[in-house]
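structure for this input, please:
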Amino acid sequence: MTDGAPFGDCVVVAYDVATAKTILHDYVNATVGFTDLAEATHIPSKSLMRMLGPAGNPRTDNLFEIVNFLQRAAMACASRSRPRARSKWM
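Sure, this is the predicted structure:
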């Protein structure tokens with residue numbers, strides 16, 4: 001650990017809000033999409049796109065709601081794609 005950076009490259013995102021919003025915007029586009037995110041968070045998709053855009057300034061509660069939904073969606077996806085252990089009885 002150097003300079004109080006316990007997570008290495010993750011610190012860059014922690015201090016670079018514009019990059020963090022761009023990464024989050026791209027992640028939403030590549031995974032759940034803004035329409036599904038809007039339905040889950042009850043925030044209009046255009047508002048979500050603006051929040052995560054270059055000039056966006058999302059409120060903390062909205063940001064946590066977005067991240068919470070993305071985490072749940074990622075865990076659901078991971079549990080569906082995990083190979084099942086074969087039973088010795090098969």
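
C-alpha from now on. contacts and neighbour counts both.
Fine.

now stretch 24-37: buried residues?
Within stretch 24-37, the residues that qualify as buried are 24-25, 28, 34, 37, counting by 16 or more other Cα atoms under 10 Å.

of these, closest to residue 51?
Taking Cα to Cα as the measure, residue 51 sits nearest to residue 25 out of the buried residues of stretch 24-37, at 9.0 Å.

same for the helix or strand encompassing residue 46, what does it pack against?
Assigned by DSSP states H and E, residue 46 falls within helix 45-51. Here helix 45-51 touches helix 33-41, going by 3 or more Cα pairs under 8 Å, 6 or more residues apart in numbering; DSSP states H and E.

packing partners for the helix it packs on?
Using 3+ Cα pairs under 8 Å, 6+ apart as the contact test, the elements touching helix 33-41 are helix 45-51, helix 60-81.

and those, which is most packed in?
Mean neighbour count (mean count of other Cα atoms under 10 Å) peaks for helix 45-51 among the helices and strands packed on helix 33-41, with a mean of 16.

now that helix: average pLDDT?
For helix 45-51, mean pLDDT rounds to 96.

now stretch 69-87
Averaged across stretch 69-87, the pLDDT comes to 76.

next one: residue 20 from residue 63, what distance?
Residue 20 sits at a distance of 11 Å from residue 63 (criterion: Cα to Cα, to the nearest Å).

contacting residues around residue 25?
49, 52-53 (Cα atoms under 8 Å, 6 or more residues apart in numbering).

circling back: how about the buried residues of stretch 24-37 in CSV, adding pLDDT and distance to residue 57?
Shown next, in CSV, are those (pLDDT from 0 to 100; distance: Cα to Cα, whole Å):
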residue, pLDDT, distance to residue 57
24, 92, 13
25, 95, 13
28, 96, 17
34, 97, 17
37, 96, 18
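
contact partners for residue 32?
For residue 32, the contact set (Cα under 8 Å, 6+ apart) comprises 70, 73.

pLDDT at it, what is it?
Taking residue 32 on its own, its pLDDT is 94.

circling back: residue 15 is nearest to which of the helices and strands packed on helix 33-41?
Of all the helices and strands packed on helix 33-41, helix 60-81 comes closest under Cα to Cα, at 15.7 Å.
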